[in-house]
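Novice: Need coordinates for the following:
(one chain, ligands or ions: 1)
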Amino acid sequence: MGMEILEEMSAFLQKGRAKNVKALVTQALEEGIDPKAILNDGLLSGMMIIGDKFKKNEVFVPEVLVAARAMNAGLTILEPKLIEVGNEPVGKVVIGTVKGDLHDIGKNLVAMMMKGAGFEVIDLGVDVDADKFITEAENTGADVICMSALLTTTMPNMKVVIDALKEKGLRDKYIVMVGGAPVNEAFAEQIGADYYTPDAATAAEVARDAVLAK
Ligand code: B1M
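Specialist: Down below sits the predicted model:
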């Protein structure tokens, strides 16, 4: 029974049917299905199928875009259940997808998990340049700067932000974290980031530990 609803959710997500996805997420929560299972087996599994078809040229940007909208719609329903916001504030996080890059699902997940770990999250959205990352971090008194990139062509923009921080003498003021499908540990080290984490939950854990150790 439980699995059927998640399969249905994945199928609707692949068709970009945001309303149906939202309704099924609501229903699944009412049925007591674990929010993590809804995320992984209902939403993300549908997105992975779309990603695979996209790679094989079986679907194109418009289909992927509506599927991503349905995914984000489902996430908004899931968010309060997926995270139990800690009461003591741990610190502030400024987060965004780097310049030239419009992918926001992973970034949104990281933002959610950070909130769950007790952070105040300032979400700068997508296509964020170095100036905006730094100005917002300075203005909000952030502890952590989180950057997401999904394209090999936009990964270098993470280094642009770190170099700009260095130039302004601000590099050591912030914990800089990077992630996204094409990013890895070696790249993070090469550009001088503090941490690479492979997924949103780990990102939140690492950020919490790093801020508490500061
Ligand atoms: Co794009 N796209 N896309 N796309 N898209 C990819 C990334 C691609 C791998 C597909 C493919 O060809 N196989 C490919 C990149 C190839 C490359 O560079 N190596 C690609 C391409 C080529 C493009 C365009 C150039 C296509 C075109 O126009 N011809 C174009 C670029 C637009 C731009 O950004 N300037 C484009 C456009 C789009 C859409 C707009 C249609 C849409 C995005 C909509 C949106 O986000 N609102 C889209 C999508 C949805 C994808 C795929 C299918 C799915 C990405 C996703 O959301 N995954 C993707 C294929 C794939 O990844 N298999 C693809 C789910 C998400 C949860 O995963 O973001 O990796 P992810 O986040 C993970 C971890 O990486 C981590 O946490 C999450 C898990 O917990 N994480 C972090 C992420 N950020 C983190 C930060 C951290 C820590 C962890 O610390 C700070």
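Novice: hey, where'd the strands end up in this protein?
Specialist: Here the chain has its strands, by DSSP state E, at 91-97, 119-123, 144-148, 175-179, 195-196.
Novice: which of these sits most buried?
Specialist: strand 144-148 (a mean of 29; mean count of other C-beta atoms under 10 Å). (C-beta placed from N, C-alpha, C; glycine too.)
Novice: any idea of the angle that one forms with strand 119-123?
Specialist: For strand 144-148 against strand 119-123, the angle by axes from the mean of the first three to the mean of the last three C-alpha atoms, to 10 degrees is 50 degrees.
Novice: How about the residues of this structure by the ligand?
Specialist: For the chain, the residues in contact with the ligand (C-beta under 6 Å from any ligand atom) are 47, 50-51, 54-55, 61, 64-65, 68, 100-107, 109-110, 146-148, 150-152, 177-182, 197, 199-200, 203.
Novice: what packs against the lengthiest helix in the chain?
Specialist: Secondary structure of the chain per DSSP state H: the longest helix is helix 61-82. Secondary-structure packing of helix 61-82 (3 or more C-beta pairs under 8 Å, 6 or more residues apart in numbering; DSSP states H and E): helix 2-14, helix 18-30, helix 35-37, helix 45-55, helix 105-116.
Novice: any chance of those helices in CSV, plus distance to residue 83 and mean neighbour count?
Specialist: Compiled in CSV, the helices and strands packed on helix 61-82 are given as follows (distance: least, C-beta to C-beta, whole Å; neighbours: other C-beta atoms under 10 Å):
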stretch, distance to residue 83, mean neighbour count
helix 2-14, 20, 19
helix 18-30, 14, 18
helix 35-37, 9, 14
helix 45-55, 19, 16
helix 105-116, 3, 23
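Novice: Nothing else from me, thank you.
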